[in-house]
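**Q** Structure for this input, please:
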Amino acid sequence: MTAITQTLSSALLQFIWQGTLVGCMLWVTLFLLRNRSANARYLASCLALVILAAIPVVTTSEALTLEVSLVESVAARASKGWVAGSTVTASSTSWFVWAQRWALTAWSIGVLLFSLRIVWSCRYIYALKRRGELAEQAVVAMVENLARRMGILRPVRVLTSSVADGPSVVGWLRPIVLLPASSILGLNPEQLETVIAHEIAHIRRHDYLVGAFQVVVETLLFYHPAVWWTSSRIPHEREFCCDDLAVRACGDAMCYARALTTLEKLRVAKPSLVLGARDGGLLYRIQRVIGDPTMTTDHPSYQAFSYSCLLL
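**A** Here you go, the predicted structure:
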């Protein structure tokens with residue numbers, strides 16, 4: 001092994017305990033922030049993911065700098081005729097030496113395999129945009145009005161899609177709001193406005209760029225569970241942040257809660273085609289939007305509300 005490959009392998013192995021430490025610190029932080037705003041928990045999760053991404057880079061950089069310093073020191077002593085003793089010790093255990101020998105190869109294969117997910121996602125996004133049709137003028141006007149009210153200055157395109165299973169945003173510099181035809185037909189104008197406000201909130205917060213960063217980090221550091229857990233917390237809190245902005249923009253929390261339930265009812269009618277589609281947090285999101293944190297999904301009043309929404 002060369003000095004560079006050995007340093008990279010060592011950094012990958014050291015990241016196992018470093019990433020675990022960051023994951024534990026994030027867990028404690030989220031516990032302390034459990035009664036704070038969703039945006040505070042979102043920022044904490046994003047910061048943890050940035051730290052996780054930076055740790056291998058910093059570890060490798062420091063190791064290479066130390067290696068260069070040692071080489072220069074040995075060269076300087078040799079030029080003065082000093083006899084340098086061996087600085088290599090056999091303190092490493094056999095299993096660590098074996099892991100260090102194969103870590104870089106295994107990591108490269110894993111990155112290659114997980115990169116296929118990025119290729120598949122790009123192709124699927126391209127297909128969504130290519131098959132999308134321009135939305136009706138009334139929907140376009142609604143999006144433009146909401147974008148101005150929520151502080152979006154750049155133009156936002158609106159497409160209807162028969163492939164997408166739910167409203168979504170594609171793109172960062174030139175964002176596109178994708179609306180399934182079933183959503184437009186199944187929601188009344190007030191509910192549709194709240195749903196579009198949620199998607200506009202994603203654009204305002206640059207969530208698409210953050211999502212792209214998440215995918216890159218997940219691909220490069222795929223082997224550590226703390227990376228996946230940290231990355232999973234970001235969309236969880238992100239949806240809450242966008243829910244808050246949507247309710248603030250439209251001013252009707254109950255209408256938005258009914259819109260969420262109707263969207264889920266429409267989505268159940270066909271299989272999900274989107275990798276990692278949001279599905280697990282709907283009940284809690286509705287509970288959170290209507291403003292009763294003590295109401296659980298088993299509460300009779302909450303069940304009655306959910307059933308009434310499904311009937312609307």
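**Q** Distance check, residue 260 against residue 254.
**A** For residue 260, the distance to residue 254 equals 11 Å [CB to CB, to the nearest Å]. Where C-beta positions appear, they are placed from N, C-alpha and C, glycine not excepted.
**Q** Could you pull out the helices in the stretch 101-250 of the chain for me?
**A** For the stretch 101-250 of the chain, the helices defined by DSSP state H, counting those that start in this stretch cover 137-149, 181-186, 189-204, 207-220, 225-250.
**Q** quick one: which of these is nearest residue 116?
**A** In terms of CB to CB, the element of the helices of the stretch 101-250 of the chain nearest to residue 116 is helix 207-220, at 9.7 Å.
**Q** Need the contact partners of the closest one.
**A** With CB atoms under 8 Å, 6 or more residues apart in numbering as the test, helix 207-220 has contacts from 46, 49, 52-53, 111, 114-115, 117-118, 121, 169-172, 175, 202, 227-228, 231, 234-235, 238, 242.
**Q** Buried residues in that helix, which are they?
**A** For helix 207-220, the neighbour count (16 or more other CB atoms under 10 Å) marks 207, 208, 210, 211, 213, 214, 215, 217, 218, 219, 220 as buried.
**Q** what do you get for stretch 219-236?
**A** For stretch 219-236, by 16+ other CB under 10 Å, it's 219-224, 226-227, 230-231, 233-236.
**Q** so where do the strands sit in this structure?
**A** For the chain, the strands defined by DSSP state E cover 133-134, 157-161, 168-170, 176-180.
**Q** residues touching residue 177, list them.
**A** If you count contacts by CB under 8 Å, 6+ apart, then residue 177 has 143, 156, 157, 158, 159, 167, 168, 169, 196, 199, 200, 203 around it.
**Q** what's across from the third one in the sheet?
**A** Counting by DSSP bridges, residue 157 forms beta bridges with residue 176.
**Q** and it, how many residues sit next to it?
**A** Counted with other CB atoms under 10 Å, residues neighbouring residue 157 total 17.
**Q** One more: residue 125?
**A** 16.
**Q** same deal with the one 5 residues further on?
**A** Using other CB under 10 Å, residue 130 has 9 other residues around it.
**Q** do the same with residue 175
**A** By other CB under 10 Å, 21 other residues sit near residue 175.
**Q** so it makes contact with residue 157?
**A** Yes - between residue 175 and residue 157 there is a contact at 7.4 Å, judged by CB atoms under 8 Å.
**Q** Could you check the pLDDT of residue 268?
**A** Here, the pLDDT recorded for residue 268 equals 47.
**Q** let me fix that: residue 145
**A** At residue 145, the predicted lDDT confidence score is 92.
**Q** Can you give the distance of stretch 44-51 from its chain's centre?
**A** 11 Å (CA atoms, centre = their mean, to the nearest Å).
**Q** repeat for stretch 159-176
**A** Taking mean C-alpha positions (CA atoms, centre = their mean), stretch 159-176 and its chain are 17 Å apart.
**Q** if we can go back for a sec, for the buried residues of stretch 219-236, give me TSV that also has pLDDT and distance to residue 17.
**A** Below are the buried residues of stretch 219-236 laid out as TSV (pLDDT from 0 to 100; distance: CB to CB, whole Å):
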residue	pLDDT	distance to residue 17
219	96	21
220	96	18
221	96	14
222	96	17
223	95	13
224	96	10
226	96	10
227	97	14
230	97	16
231	95	19
233	94	21
234	94	23
235	92	27
236	90	26
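**Q** which one of those residues sits closest to residue 20?
**A** Nearest to residue 20 among these, with distances taken as CB to CB, is residue 226, at 5.7 Å.
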